[in-house]
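In: Got a predicted structure here, sequence first:
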Amino acid sequence: EAVSLSVNGFVNDLIREFPMEYSVELKRLIDMEMEGSVG
């Protein structure tokens, strides 16, 4: 979860540039990708 928060914080400015529906999906994809990872 900490890694996911770090990644989301890092790309947060980038995500803001996308339309809302894309940014929501991108955040979901990042969370799904980080879900099974080991820090």
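Out: Arrived safely, thanks for sending. This structure is a prediction, so every number in the text was calculated from the model and none was measured. Numbers count the residues shown, from 1 in each chain.
In: For the rest of this, base every contact and every neighbour count on C-alpha atoms.
Out: Will do.
In: what sits against S23?
Out: Applying C-alpha atoms under 8 Å, 6 or more residues apart in numbering to S23 gives the contacts I15, R16.
In: 10 Å instead?
Out: Neighbouring residues of S23 by C-alpha atoms under 10 Å, 6 or more residues apart in numbering: N12, L14, I15, R16, E17, L29.
In: for S4, same thing?
Out: Residues near S4 by C-alpha under 10 Å, 6+ apart: F10, K27, I30, D31, M32, E33, M34, E35, S37, G39.
In: Now restrict those to buried residues only.
Out: K27, D31, M34 (16 or more other C-alpha atoms under 10 Å).
In: any idea of the pLDDT on the first one?
Out: The predicted structure scores K27 at 82 on the pLDDT scale.
In: Going forward, the N-terminal residue is numbered 58.
Out: Okay, using 58 as the starting number, the last item reads as K84.
In: And for it, nearest residue in space, chain neighbours not counted?
Out: Closest residue in space to K84, ignoring its immediate chain neighbours: N65 at 7.2 Å, by C-alpha to C-alpha, 6 or more residues apart in numbering.
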